[in-house]
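In: Have a look; sequence and predicted model below, questions after that.
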Amino acid sequence: MDCLFCQIVAGKTPADKVYEDGEFLAFWDIHPQAPVHILIVPKSHISSLTELTGEQQDLLGRFILLAKELAEKEGISADGYRLTINCGAEGGQLVPHLHLHLLGGRRLDDQLG
Ligand code: 5GP
Ligand code: ZN
């Protein structure tokens with residue numbers, strides 16, 4: 001198993017966990033870009049958004065709802081936050097295991113999109 005986030009899910013690489021259920025794991029980013037920078041991953045290995053099919057739309061819905069709930073839990077919901085999924089090389093994806101960045105706790109001026 002050479003996928004970093006699969007190793008974190010399996011407990012073979014340590015991470016500062018925020019939330020875990022049967023389907024998802026959330027943990028703090030090792031190089032935070034904001035006061036709150038949490039990564040949320042499906043426990044099953046999905047390499048990127050491009051791999052998702054319509055069969056996984058329920059998973060995708062729960063994925064985003066979990067991010068919303070963690071934003072509330074971290075106290076950044078009222079002021080605002082950003083969810084980012086980097087996809088593929090030109091999208092800046094470095095770890096080839098689908099993950100959602102939950103960023104907040106400061107004004108995110110580095111606007112893209
Ligand atoms: P990507 O560029 O693939 O969207 O984001 C990968 C993220 O994973 C980066 O923000 C990076 O800081 C984070 N990261 C890389 N290695 C580790 C690690 O070993 N532990 C944790 N917690 N985060 C990591
Ligand atoms: Zn993986």
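Out: Done, it's in. Ligands and ions are numbered 1, 2, ... in the order given.
In: Next one, pLDDT for residue 111 please.
Out: Looking at residue 111, its pLDDT reads 78.
In: if I look at it, how far off is ligand 2?
Out: Distance, residue 111 to ligand 2, using CB to the ion, to the nearest Å: 30 Å. Yep, even glycine has a C-beta here, placed from its N, CA and C like the rest.
In: Also residue 14?
Out: Counting by CB to the ion, the gap from residue 14 to ligand 2 is 16 Å.
In: ok, how many other residues are close to that residue?
Out: 9 (other CB atoms under 10 Å).
In: what pLDDT, on average, does the biggest strand by length in the chain get?
Out: Selection of the longest strand in the chain by residue count, based on DSSP state E, yields strand 36-42. Per-region confidence: strand 36-42 scores 98 on mean pLDDT.
In: what are the pairing partners of that strand, and which direction each?
Out: strand 24-28 (antiparallel), strand 100-104 (antiparallel) (DSSP bridges).
In: export it as CSV, just CAs?
Out: Taking Å, rounded to 0.1, in the frame of the first residue of the first chain, the C-alpha atoms of strand 36-42 are listed here in CSV:
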residue,chain,number,x,y,z
VAL,A,36,-8.3,25.7,10.1
HIS,A,37,-7.0,23.4,7.4
ILE,A,38,-8.5,20.0,7.6
LEU,A,39,-8.4,17.2,5.0
ILE,A,40,-11.4,14.9,4.6
VAL,A,41,-10.9,11.6,2.7
PRO,A,42,-13.1,8.7,1.9
